[in-house]
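Participant: Pasting the sequence and the predicted coordinates here, then a few questions.
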Amino acid sequence: MSDKFSLRVKNLAYAYPDGHQALFGVNLEIRKGERVALLGPNGAGKTTLILHLNGIIPTQQGSVTVVDTLVDPKNSESLQHVREKVGVVFQDPDDQLFMPTVAQDVAFGPYNSGFRGDELTRIVDESLEKVGMLEYRDRPPHHLSFGQRRRVAVATVLAMSPEILVLDEPSSNLDPASRRELAEILRSLDVTVLLVTHDLPYAFELCERSVILAGGVIAADEPTAELFAKPSLLAEHRLELPVGFRL
Amino acid sequence: MGERLYLHRHTFIHNLAPETKILSVFLFVLVVVATPIQNYYAYICFVLIILALTRLAQIPYRTLFLRSLIEVPFVLFAVLMPFFGTGEKIDFLGVNLYQAGLLAGASIIAKGTIGVFMAIILSATTSARSILEGLARLKIPAVILGIASFMIRYLNVVNDELIRMRIARESRGFQAKGLRSWKVLSQTLGALFIRSYERGERVYLAMLSRGFQGKMPDDNDVRETQLRLAFVLPGIALGTSIVTGLLI
């Protein structure tokens, strides 16, 4: 782990246009190479926070800094740069895979960054190789299984060589083998990871540090093993380890 | 769905470049539409050409016929045309029919059916994706191609959603019977529309997240288009149309 920051969120607050306030001053710093789990009950504002990280929701109050770039929705050049640096893997792979074939979909991001021709093909093949999906490059996404689609969704983001990979509920709807395979892929990557999940064992397996987002603020920020050793703190935020799970 | 129409074979027609097939079908249909219905020799030749193409592409005639039934609701009004109108009447099995209406109705049905047959042959020999590629090489505007491509991609997703909603309905004892069930069915459609709309928003967010700036990627391979072959079939049809027109 280095002393450089991949992501710094300071006093981030956000209210939806209908007046519902989702974030009340979030502070979060993630160092380069760290894998951090973002835990929190349903409706805690996790998705809202994610959409701030690459400027899809414009910052109202506070600031988000990716490496050295401030996320500034008014500056479209910096926004483009931030979107290359922050790779978001959304929960439903069908939302993420919209092109006719797997390869075209993986090419979408790097194409927007200006890559063309052989260079683009090389990036696509390398990214698919990393998630073990190279042989499916010319298949349409809807012919793949759910687990395969999620792996391709990860590849589409890896193709942009992001500084930080943000995964929204990556283990949801996966069978145990796909779940393990995805964990192996994530562990093999040399990239900062923010894992948004309710799946505590998955967080324990992959992340050395966990933060709890509850009521629009960071309610806890500790090494995962220490945090999970406090069942009452977890329970306070509607988080529970599965029955029979031991640290 | 979307690819179910494609029949996987290895024939001369399957192997033609998609843009060749699309242009060929388009021009052929233009020739057919421009041929007056009175020139029935030409129409016999057109049908023979279609049967030959079907044979060549190894499409079962039964498939061609069954798929063509999709036009029935569209040509229904053409069947009514002989009963309404003005001018000369003819007596057919004791029913008064207007000659002008009869000709116009026959013309619509004949031209429509030939167009549908050609579309069926095209879709059975060319996958949806290749049709899009062909259209791109024919320089169809990117926005239209983008819409068509998203439609093909999400047809299955939306259809699956519809199936899940049906299963959920029926699991709770609902059966689609009679007029009263229409309310539930229309509510389902409304829910499906909203879900699809929201999915559209999520897809757009995912596109933005990967740096989308309003332009879809181009087709990468700059292949030489083979358009000369595309004129063969419409050429034959045009020749037939003119020669038989002179005979009559």
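Facilitator: Cool, got the structure. Remember, it's a predicted structure, so these values are computed and weren't measured experimentally.
Participant: Look at the residue positioned nearest the centre of chain A and report its pLDDT.
Facilitator: In chain A, the C-alpha nearest the mean C-alpha coordinate belongs to residue A:166, at 1.3 Å (CA atoms, centre = their mean). On pLDDT, residue A:166 comes in at 94.
Participant: Specify the local secondary structure of it.
Facilitator: strand (DSSP: H, G, I helix; E, B strand; the rest coil).
Participant: who does it bridge with?
Facilitator: residue A:88, residue A:194 (DSSP bridges).
Participant: wait, what's in contact with it?
Facilitator: A:50, A:53-54, A:86-89, A:193-194, A:196 (CB atoms under 8 Å, 6 or more residues apart in numbering or on different chains). Backbone N, C-alpha and C define where each C-beta goes, glycine included.
Participant: how near is residue A:117 to residue A:129?
Facilitator: From residue A:117 over to residue A:129 the distance is 19 Å, taken as CB to CB, to the nearest Å.
Participant: So which of those two has more stuff around it?
Facilitator: Neighbours per residue (other CB atoms under 10 Å in any protein chain shown) separate residue A:117 from residue A:129, with residue A:129 holding more: 14 against 8.
Participant: Which helix or strand contains the more buried one?
Facilitator: For residue A:129, the element it lies in under DSSP states H and E is helix A:117-130.
Participant: okay, and the helix or strand of the chain with the least pLDDT?
Facilitator: In the absence of a named chain, this looks at chain A. helix A:76-85 (a mean of 87; mean pLDDT, DSSP states H and E).
Participant: ah, no, chain B please
Facilitator: strand B:89-92 (a mean of 74).
Participant: Now it: buried residues?
Facilitator: Across strand B:89-92, burial judged by 16 or more other CB atoms under 10 Å in any protein chain shown covers residue B:89.
Participant: Given it, what are its sheet partners and their directions?
Facilitator: strand B:95-98 (antiparallel).
Participant: After the partner strand, which helix or strand is next?
Facilitator: helix B:99-125.
Participant: Does anything pack onto the helix or strand that that following helix is followed by? Which helices or strands?
Facilitator: Heading C-terminal from helix B:99-125, the first helix or strand you meet, by DSSP H and E, is helix B:128-137. Other elements packing on helix B:128-137 under the criterion 3 or more CB pairs under 8 Å, 6 or more residues apart in numbering or on different chains; DSSP states H and E are helix B:18-34, helix B:142-171.
Participant: Going by neighbour count, list what's buried in the helix or strand just after the last one.
Facilitator: Looking back up the chat, that one is helix B:142-171. Going down the chain from helix B:142-171, the next helix or strand is helix B:181-209, by DSSP H and E. Buried residues in helix B:181-209, counted by 16+ other CB under 10 Å: B:188, B:199, B:203, B:205-209.
Participant: Next, the angle strand A:164-168 makes with helix B:181-209.
Facilitator: Angle of helix B:181-209 versus strand A:164-168, following axes from the mean of the first three to the mean of the last three CA atoms, to 10 degrees, is 170 degrees.
Participant: average pLDDT for the helix or strand following helix B:181-209?
Facilitator: Downstream of helix B:181-209, the next assigned helix or strand under DSSP H and E is helix B:232-247. What helix B:232-247 shows for mean pLDDT is 89.
Participant: which other helices and strands contact helix B:232-247?
Facilitator: helix B:18-34, helix B:40-56.
Participant: Same list (those helices) but as a markdown table, adding mean neighbour count.
Facilitator: What follows is these, written out as a markdown table (neighbours: other CB atoms under 10 Å in any protein chain shown):
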| stretch | mean neighbour count |
| --- | --- |
| helix B:18-34 | 19 |
| helix B:40-56 | 17 |
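Participant: Which one of these lies nearest to residue B:132?
Facilitator: Among the helices and strands packed on helix B:232-247, the nearest to residue B:132 by CB to CB is helix B:18-34 (8.4 Å).
Participant: right, is that closest one up against chain A?
Facilitator: No - Helix B:18-34 does not reach chain A (CB under 8 Å from any CB of the partner chain); its nearest approach is 13.3 Å.
Participant: What's the mean pLDDT across that helix?
Facilitator: 94.
Participant: by contact count, what packs against it?
Facilitator: Packed against helix B:18-34 by the contact rule (3+ CB pairs under 8 Å, 6+ apart) you find helix B:99-125, helix B:128-137, helix B:232-247.
Participant: Off-centre distance for the second one?
Facilitator: Taking CA atoms, centre = their mean, to the nearest Å, one finds helix B:128-137 lying 15 Å from the centre of the chain it belongs to.
Participant: Flag every residue of chain A that's near chain B.
Facilitator: Chain A has residues A:51, A:54, A:56, A:80, A:83-84, A:86-88, A:90, A:92, A:94-96, A:98-101, A:104, A:107-109, A:111-113, A:116-117, A:120, A:140-142, A:156-157, A:160 near chain B, with proximity defined as CB under 8 Å from any CB.
Participant: can you rerun that using 7 Å?
Facilitator: By CB under 7 Å from any CB of the partner chain, the residues of chain A that approach chain B are A:54, A:56, A:80, A:83-84, A:88, A:90, A:94-96, A:98, A:100, A:107-109, A:111-113, A:142, A:156, A:160.
Participant: Okay, and which of those residues map to strands?
Facilitator: residue A:88 (DSSP state E).
Participant: out of the residues of chain A next to chain B, which are buried?
Facilitator: A:54, A:56, A:80, A:83-84, A:88, A:90, A:94-96, A:98, A:100, A:107-109, A:111-113, A:142, A:156, A:160.
Participant: Quickly note the distance from residue B:247 to chain A.
Facilitator: Noted for residue B:247: a distance of 48 Å to chain A, by CB to the nearest CB, to the nearest Å.
Participant: Hmm, I typed the wrong one, I wanted residue B:152.
Facilitator: Separation of residue B:152 from chain A (CB to the nearest CB): 7 Å.
Participant: burial measure for that residue, as a count.
Facilitator: A count of nearby residues for residue B:152, using other CB under 10 Å, gives 20.
Participant: Could you double-check that it lies in contact with residue B:130?
Facilitator: No - using CB atoms under 7 Å as the test, residue B:152 is too far from residue B:130 to be in contact (11.5 Å).
Participant: Enumerate every residue touching the residue lying closest to residue B:202 once chain neighbours are set aside.
Facilitator: Spatially, and ignoring its direct neighbours in sequence, residue B:202 is nearest to residue A:95 (4.2 Å; CB to CB, 6 or more residues apart in numbering or on different chains). Neighbouring residues of residue A:95 by CB atoms under 7 Å, 6 or more residues apart in numbering or on different chains: B:199, B:202-203, B:206.
Participant: swap the cut-off to 6 Å and go again
Facilitator: Contact analysis of residue A:95 by CB atoms under 6 Å, 6 or more residues apart in numbering or on different chains lists B:202-203, B:206.
Participant: How about residue A:206?
Facilitator: The contact partners of residue A:206, by CB under 6 Å, 6+ apart, come to A:35, A:183, A:186.
Participant: quick one: the first one from residue A:47, how far?
Facilitator: As defined by CB to CB, residue A:35 lies at a distance of 20 Å from residue A:47.
Participant: Give the residue from these two that has the larger number of neighbours.
Facilitator: Each of residue A:35 and residue A:47 has its neighbours counted (other CB under 10 Å); residue A:35 has more, 22 against 16.
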